[in-house]
Every structure is written in structure tokens, then in C-alpha cells.
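*Asks:* Sequence first, predicted model second:
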Amino acid sequence: MTRVLVLNTGSSSLKYRLFDGGTTVAKGLVEEIDDHRTALQDVFRSDELGHLDAVGHRVVHGGPDFTAPTLIDDDVVRAIERLIPLAPLHNPANLTGIETARKLLPDVPQVAVFDTAFHSTLPPAAATYAIDAETARQHRIRRYGFHGTSHAYVSRRTAALLGRTPESTNVITLHLGNGASAAAVEGGRSVATSMGLSPLEGLVMGTRSGSLDPAIIFHLHRVGGMSLDEIDELLNKRSGMRGLAGVSDMREVEARRAGGDEAATLAFDVYTRRIKEMVGAYYAVLGRVDAITFTAGVGENSATVRAAALAGLTGLGIEVDADRNAAPERGERIVSTEASRVVVCVVPTDEELEIATQARAVLGG
Ligand SMILES: Nc1ncnc2c1ncn2[C@@H]1O[C@H](COP(=O)(O)OP(=O)(O)O)[C@@H](O)[C@H]1O
Ligand SMILES: CC(=O)OP(=O)(O)O
Ligand SMILES: [Mg+2]
């Protein structure tokens with residue numbers, strides 16, 4: 001079980017990595033793709049692939065039934081198809097990856113690794129929405145949570161960085177990429193997370209609104225005359241940083257803010273305030289916090305976001321060190337002061353490595 005190809009088929013991007021043991025022997029990123037099938041075929045036709053023992057697929061929504069990595073067969077494909085309404089931006093792209101890989105590599109075992117799986121440990125009080133219980137049951141409405149592969153990997157690496165076991169460590173993980181989510185990880189288990197039924201809830205994102213008053217949707221429909229599809233598109237694709245500042249990329253938002261742009265300044269403040277609110281909430285959920293860890297594109301790279309999100313929390317034992325935080329280092333590192341009771345970390349996520357590891361485990365290798 002040495003050579004494993006991992007496909008992370010996103011809503012508008014395709015990342016792939018080929019592992020030989022723990023070593024990456026090939027990788028690629030195709031961004032802003034219109035045609036996943038063609039992009040995938042190019043990957044599979046590439047000479048560098050050679051022999052494969054397994055393919056690991058990121059699948060965003062696993063619904064209530066998939067709580068662990070799963071060997072893919074026709075039934076699993078149909079089950080992932082049935083979950084499309086719960087993750088319309090993500091599951092169709094994931095399925096295209098699976099179907100293309102199964103067609104072109106019919107003899108290679110394929111494993112699905114679900115974003116939702118790590119959050120299957122959420123206690124009922126965290127997973128339940130306070131709506132009519134029978135309606136919720138009928139429509140499978142609950143908090144599933146996403147980015148689980150990343151939260152799992154990063155919380156484990158954080159424990160190692162602190163020289164502790166995951167079982168004895170409580171971490172708040174902040175995955176800030178295009179999609180963004182927070183999780184409270186207690187002794188290695190997810191006990192709270194900010195995304196919900198779908199990857200729309202919670203933190204402010206590149207193009208998604210995150211949490212809002214549900215009455216806004218009724219208002220836009222009844223008073224604003226927008227259709228539900230239009231509102232769906234508004235909240236998923238024309239909100240967040242793009243909606244507030246006109247651009248979804250945090251680098252661009254920061255550049256405009258530095259130049260005095262008011263809209264970008266407000267967008268940055270809304271984004272970082274929401275993170276701070278979530279940190280406070282999960283601090284209360286955990287009772288004792290050992291570490292707060294930033295990861296993904298924004299979390300790993302933006303010292304400005306990290307500093308703003310945790311500013312003024314010295315009273316909670318959280319103190320970012322300005323120099324450590326701003327140092328142009330990469331890799332796993334601590335950015336809090338010596339005096340900070342809570343250790344603030346930056347840990348680059350590696351969803352692909354985690355998927356390869358989990359795929360091997362399913363196949364007994
Ligand atoms: N140096 C940087 N400063 C601020 N933000 C950055 C920087 N580099 C990348 N980003 C942000 O990271 C985002 C992408 O995060 P990433 O985790 O790669 O996304 P994805 O969810 O597509 O995997 C970009 O949209 C950009 O906003
Ligand atoms: C679940 C999710 O939001 O994923 P991404 O950040 O890749 O869009
Ligand atoms: Mg991502």
C-alpha cells in the first residue's frame with residue numbers, strides 16, 4: 001500500500017498529490033476550472049503516476065451515515081449522490097473525481113474520506129438545531145460540520161508541538177481558507193464546530209456569509225422579491241469578503257485596507273470579530289484551553305488577521321507575541337508570548353497527507 005493518489009476536488013479547484021510512502025512524488029493544483037472531467041483526465045494520463053495502490057478522495061458531505069473513511073462501491077457513490085442537496089457546491093465535484101477515477105483506474109481501490117467524519121463526535125446539544133424535532137428528523141437537519149480532516153490533523157500536530165498527547169490537549173482550531181470554520185477539540189474529539197448542515201454557517205468566508213439571522217432570507221424573498229435560488233447564490237458566492245470588500249482574496253482585502261479603503265477595513269473588522277466571538281464561545285465550551293491554532297491559506301499566512309482576531313484577550317490568558325507572529329517563518333510554530341497561558345500556534349494543514357493515511361488504514365496497509 002505504498003503509492004496512493006489523493007484527489008481534493010473543490011468547488012472550483014482540483015488539488016492532487018501522489019504519495020510513495022510518506023513522500024510526495026508528484027502534485028498539482030488546477031484553479032478556477034470549468035470542466036473537472038478534463039482536468040482529471042489530464043491528471044490520470046500523466047506519465048508520472050505509474051503504478052497506484054489506492055486513490056483517496058476528499059468528500060465534503062458524508063451525512064449521518066459516513067462517520068469513517070469508506071471503500072467506494074456503487075452503493076457508496078449513490079449515497080454520496082443523495083447528499084448533493086446538503087453540499088451543492090462540493091459533493092458534485094467530489095463525485096466527478098470519483099467517477100472519473102473509477103472509470104480510468106477500474107482495478108485500483110478507491111477510498112472516500114469525509115469532511116464531516118471527524119465531527120461525528122459532536123454531543124447532541126452541539127449538533128441539534130432548535131427547530132421542530134420531527135421536521136428535523138425527516139429532513140436529516142443537524143449540525144454536521146466540515147473541514148474535519150484538517151481539524152483532526154491540525155489538532156493532533158498541535159498536541160505534538162506542545163509535547164503533549166492529543167488525549168490530554170484541548171485545542172481551538174481555526175481553519176481559515178476560502179471556506180472557513182472553527183472547531184473545539186477536547187482530548188482529540190470534536191465537541192463544537194462552526195459549520196452546520198452545510199458549509200455556509202459560521203465564520204465569514206471568501207464569498208460566503210457565514211451565520212446570519214434566518215429572517216434575512218424571508219425578508220429578501222418576500223420584500224426584496226428575490227427567488228430562493230438567487231438568495232442561495234447571494235449567500236454562497238456574493239457575500240463574505242467579496243460581498244463587503246468586492247474581492248474574496250484576503251491578500252487583496254489587506255492591501256486595500258492598508259491603503260485606507262473603508263469597505264475593506266469594515267470587511268476585515270467583520271471577519272476578525274466573528275473569529276474572536278467564536279474563540280470566546282469555544283473557550284467557554286472547553287473550560288480549559290491549551291492552544292489556539294491557525295491554519296489554511298489565511299490562517300497560515302496572515303499575521304494581521306491572527307493579531308486582530310486575538311487582540312485584547314490577555315484577560316483570557318491569550319497573548320500573541322507581535323514579533324513571533326510577524327516573523328516570515330513557515331512551518332509549525334508558536335506565535336504567543338512566554339507569558340501566554342494559552343499557546344497560540346500556526347500549523348500548516350495537510351488534508352492530502354491525512355487522506356492518504358486514512359485511505360491506507362481502510363485498506364489495511
Ligand atoms: N499571504 C497571504 N495573506 C493573506 N491571505 C492569504 C495569503 N495567502 C493566501 N491567502 C488566502 O488564502 C485563501 C486560500 O486558502 P486555501 O486554504 O488555500 O483555500 P482552499 O479553501 O481553496 O483550500 C486565499 O483566497 C487567500 O485569501
Ligand atoms: C467545506 C468547505 O467549505 O470546503 P472548502 O473550504 O474547500 O470550500
Ligand atoms: Mg480548503
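*Replies:* Good, I have the coordinates. Ligands and ions are numbered 1, 2, ... in the order given.

*Asks:* going forward, measure contacts and count neighbours with C-alpha atoms only.
*Replies:* Will do.

*Asks:* Need the three-state assignment for the nearest residue to Thr265 once chain neighbours are set aside.
*Replies:* Spatially, and ignoring its direct neighbours in sequence, Thr265 is nearest to Arg257 (5.0 Å; CA to CA, 6 or more residues apart in numbering). Following DSSP: H, G, I helix; E, B strand; the rest coil, Arg257 is assigned to helix.

*Asks:* now Ala339
*Replies:* Assignment for Ala339 (three-state DSSP): coil.

*Asks:* Quick check: phi and psi on the most centrally placed residue in the chain?
*Replies:* Centroid-nearest residue in the chain: His147, 3.0 Å away (criterion: CA atoms, centre = their mean). Dihedral angles of His147 (phi, psi; degrees, to the nearest 10) stand at phi 60, psi 20.

*Asks:* Might you report the residue contacts of the residue lying closest to it once chain neighbours are set aside?
*Replies:* Once flanking residues are discounted, His147 sits nearest to Asp115: 4.9 Å by CA to CA, 6+ apart. For Asp115, the contact set (CA atoms under 8 Å, 6 or more residues apart in numbering) comprises 58-62, 145-149.

*Asks:* Nearest to Ala79 among the residues you listed?
*Replies:* Nearest to Ala79, judged by CA to CA, of these is Gly62 at 8.5 Å.

*Asks:* quick one: that closest one and Ile80 touch, right?
*Replies:* Yes: with contact defined as CA atoms under 8 Å, Gly62 reaches Ile80; the gap is 6.8 Å.

*Asks:* of these two, who's got more company?
*Replies:* Neighbour totals were compared for Gly62 and Ile80, and Gly62 leads with 28 against 21 (other CA atoms under 10 Å).

*Asks:* Would you mind measuring from Ile217 to Glu319?
*Replies:* 38 Å (CA to CA, to the nearest Å).

*Asks:* okay, those two: which has more neighbours?
*Replies:* Neighbours were counted for Ile217 and for Glu319 using other CA under 10 Å; Glu319 has more, 23 against 18.

*Asks:* Run through the residues that contact the more buried one.
*Replies:* When contacts are counted by CA under 8 Å, 6+ apart, Glu319 touches 310-311, 313, 336-337, 339-342, 344.

*Asks:* Could you dump those residues into TSV with pLDDT, neighbour count and distance to Ile131 added?
*Replies:* Listed next are the contacts of Glu319 as TSV, based on pLDDT from 0 to 100; neighbours: other CA atoms under 10 Å; distance: CA to CA, whole Å:
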residue	pLDDT	neighbour count	distance to Ile131
Leu310	98	21	33
Ala311	98	15	35
Leu313	98	14	34
Ser336	98	23	40
Thr337	98	18	43
Ala339	98	13	44
Ser340	98	17	40
Arg341	98	16	38
Val342	98	21	36
Val344	99	27	36
